[in-house]
Every structure is written in structure tokens, then in C-alpha cells.
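# Structure for this input, please:
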Amino acid sequence: MKKIIPILFFLFIGFLLFYFGLPVINYGFLGFPFVLLILTFFYILISTGLAISPKTKQLIVTTKPQKFLFFIVLILLVYMVVFPLLTSLPMFRSDSYQKLIGKVANGEKISNHIAPISIDEIRVVDEDLAHLLGEKVLGSQPALGSQVELGEFCIQKVNNDLYWVAPLLHSGFFKWMNNQQGTAGYVMVSATNERNVKLVQNVDGNPIKIKYQPEAYFQSNIERLLYFNGYSTVGLADFTFEIDDKGIPFWVVTKYEKKIGFGGNEAVGVVLVNAQTGEIKEHSIASTPKWVDRIQPIRFIEEQLNDWGKYVHGYWNFSNANKLQITEGLTLVYGDDNKSYWYTGLTSVGKDESAVGFVLVDTRTKETTFYKQGGATEYAAQSSAQGKVQEKGYQASLPIPYNINNIPTYVMTLKDKGGLVKMFAMVAISDYTIVGVGNTMREALTSFKNVYNMADNRINPSSVSNKKLLTSVITRIHNDVKNGNSFYYFKVKDYPNIFVGSSQISSQLPITLIGDTVKISFDIDLEEVIDVSSFENVNLKNK
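Next up, the predicted model:
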């Protein structure tokens, strides 16, 4: 009986280490050998007989551990220390790390890849603001807010509309004990309209209960559910919460392998877990449903892009020749093909303000395109926008790249200290001195176009081809004063859109009347109200 108790205790400790540690049982992962090392040390401890010497009254060892246990410890230490150094150290495998991102194609213009967009579709809500708005809607229901908390927001397209989506999670062990059926729903915040915030608790009349989640315990924990259902031998990462086009909640989990010894994480597929039922479905990258926006974890792509730029001339490159590094991290954007991409600027090592190019990485397939064109980093664009309103002390959100009239443009919000949006800003990627700000997106767009046109298109001369010249007759005209600035809205004969311009464009606008013949130029875009680039009243010229 005395011999059985230590063995049972040893097995119990082993069970706890596996149940709570969830070590990946596969080559290249250190969790499993680490657990074995702990168990071996523990077994040595309990197998060592200890007693107090009657002569010296000191603790002595009466039974020495078996020698094979020390060989096991030595083997495990070699596996955990020596093997990773020999098989994974960039010093020896720099070429493998540099090529892990795959083939990097060269793109002509990033504006050709980023879709032209209406200002109504521009993202004005970032993750921080989405969380603030989500907390507000959750706080409006005290009974619910005291039981749950908001999870991490994930941006995604739902039926072609862009939303931030976050699950409701258990706020503690006792809250989980009282509600093991699951938390009641998720929060959706429109990325283009901060007033569109909703708590979703039913889909097609059926209540939502998110039972499986990272904040749950025991078998309701999403990681443990997968581990004990056939995924103990594979790497799993990036547990993101997404909903399909019907609104059904899922956990999208990236399945990955080690490609360079103990390093080189490479996504090979996804595992979809129904957050309500726990149903598990595995997909290759090619067969993953289209509603899944991202397969490639942001951490993997950051590491691979940095390795691609860092080891361009191998590991021993003390002069930093041709070395590149990503700028402010990665941003999820959508291209003209309606696919999602990780976007980042690339800058030379040691350079902070200007980028030598920009990269788009398909968030599903990892197809990578490098646009080798100079421009501002995200940080430089933020600083430029903040400098425009420095007396207000506003902070710029993370810039999102858009195609504004064939001009690659960073768009961002300017927020007060409370995190609320107060103004909007646009900064030309190619020249961060071209800045437009406004209290509305329309004002920011008008300001940006005015500044850009006054710069004689020095940053993008080819954009002139996107302009249209028109001679017509004024059928309606009216002025509107916004924030001390006068804007003149007018319509012309045989053209459907409304035009707008300020006296900065032409001093003839304030004295133009219905029936006057005018010559205007403007950018062809998706807006219902179009800003004019130039304005000439022919009647005034002839008098």
C-alpha cells in the first residue's frame, strides 16, 4: 500500500499537468518534453527515501534514485536546449527563415489593388472605439453586464458589411458555474457607422448561448475541447471569434506546423468550432468557407515579413545593407477583389519617417505583394494629422489605406482623451504634408482634395487622367456655412450629381447665378456630391 500511494500521487500530478498545461505532443514543440522533465524530477523526489540520522540528527538519503532517471533528464535537457539551437537558430537557418513568407510578387501601384471607395464605406470605428461602444450597450442592461464581459473584437465582413464582432464571455469562475449553458450572445459594431451598435442574442428566433469559450472552465474551455478531441498533436493558434453570414458564432482556430526545427510557424489550415454546440470541422486553406476572413495569424506574418527583410543578405550583414523592417505592425484591409489583406509599410532599418514600399498579404492564402514606392509610415501620417489640430490635443487612430481618386491615402479619426471621435483626417501616403481634416468625413475629403490640387499634383501626376472637364449651365446654386467656411453647392444641366466648391477654389463662386455658363473640372469618383477641382464662370469672363 505504501508503494501504491506515491505512484497514484505521481499519476495524479501527471494528469493535472496534461489537463491544464495542454502540451503539444509533437516534434518541435517544447511543452511536452517540459512536462516530462517536471514529472521526472517529481518522480526522483518521491522515489528518494529520506530519514533523520539518529547520530547527527540531520536529514539523510536512505534510497538513491535509479540511474536511468538521470539519463532521462539529460536526454530531455539536450532535446530542449541543444536541438533547438542546432535546428532552429537563425544563425544557421537564415535562408530558410527569409524564404518562409513564400514568393513575394512585385506590384505596380498600390492604388490599383485598393478599391475606390465611397466615404460612407470608410472605416471610422477602430478597435478601441468599438470596445467603448460595446461596453456602453452592455452597460445599458445591468442584469447582463454584471454577469459577462466583452471579449476581443475581431473585424470582419458580414454579408459585405464591415463589422467589429466580440463575444460575451464569463467574467469569473462563479459566473461560469451559475451559467454553464453559455453566455447570451455577442456584440456587433459597424466599422463605418458608430451609431450602429447592437447586442445580438437571437438568430432566426433561436437564442444564442456561447458555451465554448476561452474564459470557460473544464471541458467548456475551447482549447481543452480541441485538445481532447484529436488535436493534442498539432499546433493551434489565433482563437478568433467570427460569425457566418447567418449570424451563427464560431471560433476560427489556425492549425499550424513547425517548418524550421523548433521555429518557423506555418499555417496549414483551420479548425472551425461552433461556439454553441462544440461541433468541430477541420478545413485546409483552400476549402475554408469564404465567410472566414483570416487564416494567417497576425503574429506569424509579422515574424515572416521581418525575417524576409532582415535576412536578405543572410545572417551576417553588419552594415544592414538592404535590410527592411515593417513599420507600425499590420492592419486588416480589403482590396478591390473584396478579399482581406494584412497591410503594412516597409522601411529601411534605422529609418522611421518614410517607407520604401508597402506590402499586402492575403489573410487566407498568404499570397504576398510588395509595392516598391516611397511614402509615409503610419506613424508619420498620424503625427502629421495630429499636428494639423495640435491645439486640440486630439489623438489619431491607426491609419487605414484607401484609394481616394486614384490617390493612395491614409484615413484616420481624431479622438479626444475620452476616446470619442471628434474629427476626421486624410493624409496622402506618398507625401504626408498633404493633409485634410474636417468635422465630418465630407469636410475632410473636401479639405484633402483642395490641399492636394493646390500642390499641383506633385505626388501623383498620373491622377490628372482621372479628372473630367465639363462645360454646362448652372441650374441651381446655394451656399452653406460650416465651421466658418462657405461652401457652394450647385447643379448643372444634363449631369446627375451635385457639385460643391469653396471660395478657395475660385473667387467667382460666390457671385455665380442660375443660368451662368461654367467650366469645371472634378475627379470621377463614387460620391453623390462631387468636389470640384477648378471653377470658371464663362459669363463673368465675357463681361
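
# who does the longest strand belonging to the chain touch, helix- and strand-wise?
Taking DSSP state E as the criterion, the chain has its longest strand at strand 467-482. Under the contact criterion of 3 or more Cβ pairs under 8 Å, 6 or more residues apart in numbering; DSSP states H and E, strand 467-482 touches strand 485-492, strand 517-523. From N, CA and C alone the C-beta is placed, and that goes for glycine too.

# Pick the most deeply packed of the ones you listed.
Each of those was scored by mean neighbour count; the highest is strand 517-523, a mean of 20, by mean count of other Cβ atoms under 10 Å.

# Wait, residue 187 touches residue 136, no?
No - Residue 187 lies out of contact with residue 136 (Cβ atoms under 8 Å); the separation is 10.0 Å.

# And these two? Which one has more around it.
Between residue 187 and residue 136, counted using other Cβ atoms under 10 Å, the more crowded position is residue 187 (24 against 10).

# For residue 200, see how far away the more buried one is.
Here the criterion is Cβ to Cβ, to the nearest Å. By it, residue 187 lies 7 Å from residue 200.

# cool, residue 5 as well?
Distance check for residue 5 against residue 200: by Cβ to Cβ, it reads 53 Å.

# Go ahead and name everything in contact with stretch 432-445.
Applying Cβ atoms under 8 Å, 6 or more residues apart in numbering, the contact partners of stretch 432-445 are 119, 122, 124, 375-376, 380-381, 383-385, 388-389, 404, 414, 422-428, 446-452, 455, 459, 482-483, 527, 529, 531.

# Those residues in helices, which ones?
The members of the contacts of stretch 432-445 that map onto helices under DSSP state H are 380-381, 383-385, 388, 446-452.

# I'd assumed residue 40 was in contact with residue 66.
No - in this structure, residue 66 is not within contact of residue 40 by Cβ under 8 Å, at 11.1 Å.

# So the two - more neighbours on which side?
Higher neighbour count among residue 66 and residue 40: residue 40, with 17 against 12, using other Cβ under 10 Å.

# Could you pull up phi and psi at residue 165?
phi -130, psi 130 (degrees, to the nearest 10).

# Repeat that for the one 5 residues further on.
Main-chain torsions, residue 170, degrees, to the nearest 10: phi -60, psi 140.

# what's the helix or strand for the closest residue to it other than its chain neighbours?
Distance criterion Cβ to Cβ, 6 or more residues apart in numbering; nearest residue to residue 170, sequence neighbours excluded, is residue 176 at 4.2 Å. Assigned by DSSP states H and E, residue 176 belongs to helix 173-178.

# On the pLDDT front, check the nearest residue to residue 266 once chain neighbours are set aside for me.
Nearest residue to residue 266 in three dimensions, chain neighbours excluded: residue 259, at 4.6 Å (Cβ to Cβ, 6+ apart). Per-residue pLDDT puts residue 259 at 95.

# I'd assumed residue 259 was in a strand, is it?
Yes - counting by DSSP: H, G, I helix; E, B strand; the rest coil, residue 259 is part of a strand.

# Please verify my assumption that it contacts residue 102.
No - taking contacts as Cβ under 8 Å, residue 259 lies outside contact range of residue 102: 11.1 Å.

# returning to that earlier point: count of residues packed around the residue nearest to residue 170?
Residue 176: 21 surrounding residues under other Cβ under 10 Å.

# Same check on residue 117?
Neighbour tally, residue 117, other Cβ under 10 Å: 20.

# What's the separation between it and residue 98?
The gap separating residue 117 from residue 98 is 35 Å, by Cβ to Cβ.

# what do you get for residue 391?
In terms of Cβ to Cβ, residue 391 sits 47 Å off from residue 98.

# between these two, who's got more neighbours?
Remark: of residue 391 and residue 98, residue 98 carries more neighbours, 19 against 6, as counted by other Cβ under 10 Å.

# so who does the closest residue to that one other than its chain neighbours touch?
Distances taken as Cβ to Cβ, 6+ apart put residue 311 closest to residue 98, at 3.9 Å, once the chain neighbours are dropped. Contact analysis of residue 311 by Cβ under 8 Å, 6+ apart lists 90, 94, 95, 97, 98, 317.

# Can you tell me which of the residues you listed is closest to residue 180?
Within these, the smallest distance to residue 180 is 44.6 Å, found for residue 97 (Cβ to Cβ).

# got the buried residues for whichever strand or helix holds that closest one?
Assigned by DSSP H and E, residue 97 belongs to helix 90-99. If you call a residue buried by 16 or more other Cβ atoms under 10 Å, then helix 90-99 has these buried ones: 90, 93, 94, 96, 97, 98, 99.

# In CSV, list those residues along with distance to residue 192 and pLDDT.
Output for the buried residues of helix 90-99, formatted as CSV (distance: Cβ to Cβ, whole Å; pLDDT from 0 to 100):
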residue, distance to residue 192, pLDDT
90, 42, 93
93, 44, 93
94, 43, 94
96, 42, 95
97, 38, 96
98, 38, 95
99, 38, 95
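
# closest to residue 142 among these?
Using Cβ to Cβ, the buried residues of helix 90-99 come closest to residue 142 at residue 97, 51.7 Å.

# so that closest one makes contact with residue 264?
Yes - Residue 97 lies in contact with residue 264 (Cβ under 8 Å); the separation is 6.6 Å.

# about what we covered before: tell me how far the residue nearest to residue 170 lies from residue 149.
In terms of Cβ to Cβ, residue 176 sits 12 Å off from residue 149.

# Show me whatever sits in contact with both of the two.
Taking Cβ under 8 Å, 6+ apart as the contact rule, residue 176 and residue 149 both touch residue 170.

# what about the chain, any weak spots by pLDDT?
1-3, 49-63, 111-112, 115-116, 350-353, 456-466, 483-484, 525-526, 542-543 (pLDDT under 70).

# Now do the helices in it.
Per DSSP H, the chain carries helices over the ranges 4-21, 31-47, 67-77, 83-88, 90-99, 127-139, 142-145, 173-178, 222-227, 298-310, 378-388, 441-454, 538-542.

# And the buried ones among the contacts of stretch 432-445, selectable in PyMOL?
A single PyMOL command is used to select the members of the contacts of stretch 432-445 judged buried by 16+ other Cβ under 10 Å:
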select buried, resi 119+122+124+375+376+380+381+383+384+385+388+389+404+414+423+424+425+426+427+428+446+447+448+449+450+451+452+459+527+531
